[in-house]
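Colleague: sequence? don't have it. structure:
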């Protein structure tokens, strides 16, 4: 799967991932109103309005970006109808040629980890029939349980050509409470996790890159270079750009010298662009065009940062 | 919520939690056949057969145990129809007077953590309507992201009288890869997590106990006593009894001197009892009676271990 992601990044000429993480206040009133007229003030109406919103944004940005990431918590909040909107959005994005990342941060052991891996990356068999549950191309996984929690995902990665991103250093202010703890060995915990990610990844290589990626927040650029060293064959999924405070220049350390090896997520900065001063001119009736304009601005910000970095390496 | 759990443990006279973690091979053929006749070999048929199975077991054991735990991975494996079986099972168990624990191990930050907390412990508002998503009484949470990932759950615990169990030391063989790492301070990582659990818990106290519990595996009894010291006000959810190798005598260190402060989960040892040599006489047509007999055997095993421990304290 990682080859497909790398190819998509090269073809689209950018590493932007659009975070399809809908919240009710991001959805134009007209969409919500139509859904409520049809379904009442129910979870089904939320699901319908999320779907209309997501599909319009996918149509508007799919030629510009290599991938989308769906934060399942925003859907799970609205029960099974919400999760159904997640499933259909993922399927639609895939049909539009996008790499689809399920941001699910699942973690468990044994048969439970197999259950999650089957749900999010694989298939299930019932009688003679093969069924698909919440399938995406790649998903995020929490490492706290150790290898037992990762191996079932690696098995599905091998069998079905899929990938995972393991949480290493997250973008939030309190990520250091455990992740930055200094070990007796001198490393930080997140460095030890990074080393394990590299080890797990060595078993699912495709050319230069591994199907096991890592999550490292844009809000910690000082970790970027160290993480690249510890995980040289690992694609890094970088959250925290935009609304969480990360800027184009902060992203440079996450990339290799060819501008590969990292993808950068932005969620509300893109999907709720129509609510920002800068893009207000589009109005709520053209929310998807505001999202497209925000993607273009983010493309330029990242490209300029990478160009500046390349120029400073030459000099 | 923790008072309600403590009361249920005292009333039922046992700390057993029945793990309703269905797998297709645990479900009697007759149940699967009926579901397939009705729905074909679909995710909906899986969901129907899980529901018939779970509800029969709940009916058979609800007078004997204080709580059930639902491992959501086993349901999520079968997509939104599977998750619907999770939701309905949880609701039914609650109607039968059981404390319902969602074993979801969710973890995220900011609005995403709020989404999970709303889904599993709270409610959501759409227009003027309050809606419930996948509500349980308590749920499990992964601590790797630090306080940012816990606070949104604590907020809902306070507002809605709910509880959480934070993963501290899990029952699997590789749990030590990160959880047992020795820190520069001399502690192990899981001890640091335990100290944070105690700190988080101090903000949601009810009498002697906190609404923030901890998960510590029965397979590591040597950690039991240390964990009790570090988290004196914390209920410990202990997985790993039975199929994973934990025995009654291993459980003693997890309890306080009154036999409180811990609940012990068993899943396949109870729900798939009908497939074990010992309970084969019940046959697949009386699978729920086999489960009831397995609960009674487990009650005796734990009660004997606690009695033996109390007697040895007296002498």
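Modeller: Good, I have the coordinates. Please read these numbers as outputs of a predicted model, since none were measured by experiment.
Colleague: ok, the residue nearest the centre of chain A - contacts?
Modeller: Taking Cα atoms, centre = their mean, the centroid of chain A lies closest to residue A:69, which sits 3.7 Å from it. Residue A:69 makes contact with A:17, A:18, A:19, A:20, A:101, A:102, A:103, A:237, A:265, A:267, according to Cβ atoms under 8 Å, 6 or more residues apart in numbering or on different chains. C-betas here are computed from N, CA, C, even on glycine.
Colleague: What about chain B: which of these touch it?
Modeller: residue A:103 (Cβ under 8 Å from any Cβ of the partner chain).
Colleague: if we can go back for a sec, which SS state does the residue nearest to the centre of chain A fall under?
Modeller: strand (DSSP: H, G, I helix; E, B strand; the rest coil).
Colleague: still on that earlier bit, and which of the contacts of residue A:69 is nearest chain B?
Modeller: When the contacts of residue A:69 are ranked by distance to chain B (Cβ to the nearest Cβ), residue A:103 comes first, at 7.9 Å.
Colleague: Let me know the closest of the contacts of residue A:69 to residue A:133.
Modeller: residue A:102 (11.0 Å; Cβ to Cβ).
Colleague: Residue A:133 is in contact with the closest one, correct?
Modeller: No: judged on Cβ atoms under 8 Å, residue A:102 makes no contact with residue A:133 at a distance of 11.0 Å.
Colleague: one step back: okay, and which of the contacts of residue A:69 map to strands?
Modeller: Of the positions in the contacts of residue A:69, A:17, A:18, A:19, A:101, A:102, A:103, A:237, A:265 sit in strands, assigned by DSSP state E.
Colleague: Can you tell me the closest non-neighbouring residue to the fourth one?
Modeller: The spatial neighbour of residue A:101 that comes closest, neighbours along the chain excluded (Cβ to Cβ, 6 or more residues apart in numbering or on different chains), is residue A:69 at 4.2 Å.
Colleague: which residues in chain A form helices?
Modeller: A:2-12, A:29-39, A:43-61, A:73-76, A:79-95, A:110-120, A:147-160, A:176-179, A:189-201, A:221-230, A:248-251, A:268-271, A:287-314 (DSSP state H).
Colleague: how about the residues of the stretch 151-300 of chain A near chain B?
Modeller: Going by Cβ under 8 Å from any Cβ, the residues of the stretch 151-300 of chain A near chain B are A:167, A:170-179, A:181-186, A:189, A:192-193, A:196.
Colleague: thinking again about what came up before, show me the one of the helices of chain A that comes nearest residue B:73.
Modeller: Between the helices of chain A, helix A:110-120 lies closest to residue B:73; by Cβ to Cβ that is 3.6 Å.
Colleague: distance between that closest one and the chain's centre?
Modeller: Relative to the mean C-alpha coordinate of its chain, helix A:110-120 is positioned 19 Å out (Cα atoms, centre = their mean, to the nearest Å).
Colleague: repeat for stretch A:112-132
Modeller: On Cα atoms, centre = their mean, the centre of stretch A:112-132 falls 22 Å from that of its chain.
Colleague: neighbours around residue A:31, how many?
Modeller: By the criterion of other Cβ atoms under 10 Å in any protein chain shown, residue A:31 has 18 neighbours.
Colleague: meant to ask about residue A:304
Modeller: Neighbours around residue A:304, by other Cβ under 10 Å: 12.
Colleague: ok, now how distant is it from chain B?
Modeller: Plainly put, residue A:304 is 28 Å away from chain B if you go by Cβ to the nearest Cβ, to the nearest Å.
Colleague: quick one: contacts for the residue nearest to that residue when sequence neighbours are not counted?
Modeller: Using Cβ to Cβ, 6+ apart and skipping the chain neighbours, the partner closest in space to residue A:304 is residue A:248 (6.4 Å). Going by Cβ under 8 Å, 6+ apart, residue A:248 touches A:301, A:302, A:304, A:305.
Colleague: so the last one sits right up against residue A:253, yeah?
Modeller: I take that to be residue A:305. No: Residue A:305 is not in contact with residue A:253 according to Cβ under 8 Å; the separation is 10.6 Å.
Colleague: picking up where we left off before, return the most buried member of the helices of chain A.
Modeller: Ranked by mean neighbour count, the helices of chain A are led by helix A:73-76 with a mean of 28 (mean count of other Cβ atoms under 10 Å in any protein chain shown).
Colleague: Who are the packing partners of that helix?
Modeller: Using 3 or more Cβ pairs under 8 Å, 6 or more residues apart in numbering or on different chains; DSSP states H and E, the elements in contact with helix A:73-76 are helix A:79-95, helix B:110-120.
Colleague: Tell me where the stretch 151-300 of chain A is predicted with low confidence.
Modeller: A:243-244, A:246 (pLDDT under 70).
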